[in-house]
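**Q** just the structure for this:
(one chain, ligands or ions: 1)
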Amino acid sequence: MRPFRYTRPDSPQAAIEAFAAAGAGARYIAGGTTLYDLMKLSIESPPHLIDVTAIRGLDAIETGGERLRFGAMAPMSAVATDRTVLRDYPVLAESLSKAASQQLRNMATVGGNLFQRTRCLYFRNGAGGTSAGTTYPCNKREPGAGCAAIDGLDRGQAVLGQSASCTAVSPGDWPVALVALDAHVEILGATGTRSLPVADLYRLPGSTPHLEFTLAPGEIVTAIVVPKTRAGRRSTYHKIRDRESYAFALASAAVAIDMDGDVVRQARIALGGVATRPWRAAAAEAALAGQRLTAESALAAGRAALTGATPGRHNRFKIDLAARTVADALMIAAQRTAA
Ligand code: SF4
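**A** This next block holds a predicted model:
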């Protein structure tokens with residue numbers, strides 16, 4: 001790890017000013033569960049860290065009124081165990097409780113979790129290289145270097161949204177659930193505040209996979225806002241992985257459905273583990289609208305969710321796995337009692 005400067009402002013405005021004064025390459029840090037890890041691997045070497053953990057008032061969880069609002073500094077574990085979230089929006093609670101370990105969920109914040117970076121094996125073999133001394137080319141780590149994953153071990157890579165420059169999967173669970181529920185983030189920057197759909201925080205890799213997020217330099221997410229929906233109670237986050245805890249998704253589905261009897265009024269579906277950003281499955285939602293929910297229609301929707309999927313050499317299995325994950329999630333959600 002390289003030396004870095006460290007500042008701990010006590011208000012959002014002071015954080016913005018500290019970032020501007022720190023110059024190029026500065027990074028905000030909260031729980032630190034991703035960034036410190038990447039710094040120790042020499043994948044990131046920010047010259048200046050702006051620690052936002054001394055800022056008060058950014059960790060509130062508000063569940064009354066017409067929306068849910070989570071301060072960006074709220075710990076993942078606090079939101080995952082909030083009684084209203086558990087009862088009315090199980091998809092949100094489950095996406096958090098199935099991520100990482102309890103210790104990490106206690107440290108990590110719901111705002112910081114939006115900016116988790118990929119677990120691509122080749123990306124994480126950073127400047128320090130492997131024990132054999134190899135450093136793999138990675139366009140995300142070093143623009144223009146090439147992509148070792150494309151001709152390498154691509155079992156865990158994306159089948160949706162990838163490019164000739166990068167096939168890395170977006171690793172988060174929480175952002176997938178938020179995208180399914182049309183959540184927004186509140187953002188503070190040097191020129192004021194703005195609101196942005198969570199889905200629009202994430203870029204496709206295209207030819208610039210090192211540019212992952214759409215925030216401008218110095219902007220900070222202060223809160224996450226989720227509109228209330230009738231579909232909330234009939235929702236689930238279904239995550240399939242190599243082991244049942246402390247593992248990233250091979251495929252996951254965030255699903256919320258509003259039903260009239262056994263007919264789907266509206267379905268909200270997003271995929272994780274298979275795409276380069278949280279992936280809203282509009283074709284699957286359209287396939288279900290007005291249809292009876294059966295095992296067959298659920299699987300048809302799952303297959304529609306994977307429309308356009310393109311496998312690499314070792315990850316073709318993900319297409320069928322993800323379709324069945326969506327189908328299972330729909331059937332699980334349908335069993336839950338509506339509000
Ligand atoms: Fe790097 Fe992306 Fe290629 Fe992985 S898939 S090695 S993150 S460029």
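
**Q** so which bits of the top helix by length along the chain are buried?
**A** Longest helix in the chain, counting residues (DSSP state H): helix 317-335. Across helix 317-335, burial judged by 16 or more other Cβ atoms under 10 Å covers 318-319, 321-334. Bear in mind the C-beta positions are built from the backbone N, C-alpha and C, glycine included.

**Q** with stretch 61-76 instead?
**A** Residues of stretch 61-76 classed as buried: I61, T63, L68, R69, F70, G71, A72, M73, A74, P75, M76 (neighbour count, 16+ other Cβ under 10 Å).

**Q** before we move on, back to that, mean confidence for the longest helix of the chain?
**A** Across helix 317-335, pLDDT averages out at 98.

**Q** elements contacting it?
**A** The contact analysis (3 or more Cβ pairs under 8 Å, 6 or more residues apart in numbering; DSSP states H and E) places helix 317-335 against strand 235-240, strand 251-260, strand 263-272, helix 295-305.

**Q** quick one, the shortest one and strand 263-272 angle?
**A** Taking axes from the mean of the first three to the mean of the last three Cα atoms, to 10 degrees, one finds strand 235-240 and strand 263-272 inclined to each other by 40 degrees.

**Q** okay, now the sheet partners of strand 235-240, with direction.
**A** Strand 235-240 has these partner strands in its sheet, going by DSSP bridges: strand 251-260 (antiparallel).

**Q** returning to what we had before: now what about the longest helix of the chain, what contacts it?
**A** 91, 159, 234-238, 240, 250-257, 259, 262, 267, 269, 271, 273-274, 281, 284, 288, 293, 295, 298-299, 301-303, 305-306, 309, 311 (Cβ atoms under 8 Å, 6 or more residues apart in numbering).

**Q** now it against strand 263-272, angle please.
**A** 140 degrees.

**Q** just the CA coordinates of helix 317-335, formatted as CSV?
**A** Provided in CSV are the C-alpha atoms of helix 317-335 (Å, rounded to 0.1, in the frame of the first residue of the first chain):
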residue,chain,number,x,y,z
PHE,A,317,-24.4,-22.5,-18.2
LYS,A,318,-25.2,-19.1,-16.8
ILE,A,319,-27.9,-18.5,-19.4
ASP,A,320,-30.1,-21.4,-18.4
LEU,A,321,-29.1,-20.9,-14.7
ALA,A,322,-30.3,-17.3,-14.7
ALA,A,323,-33.5,-18.1,-16.6
ARG,A,324,-34.4,-20.7,-13.9
THR,A,325,-33.3,-18.3,-11.1
VAL,A,326,-35.8,-15.8,-12.4
ALA,A,327,-38.5,-18.5,-12.7
ASP,A,328,-37.8,-19.7,-9.1
ALA,A,329,-37.8,-16.2,-7.8
LEU,A,330,-41.2,-15.5,-9.4
MET,A,331,-42.7,-18.6,-7.8
ILE,A,332,-41.2,-17.8,-4.4
ALA,A,333,-42.5,-14.2,-4.5
ALA,A,334,-46.0,-15.4,-5.6
GLN,A,335,-46.3,-17.5,-2.4
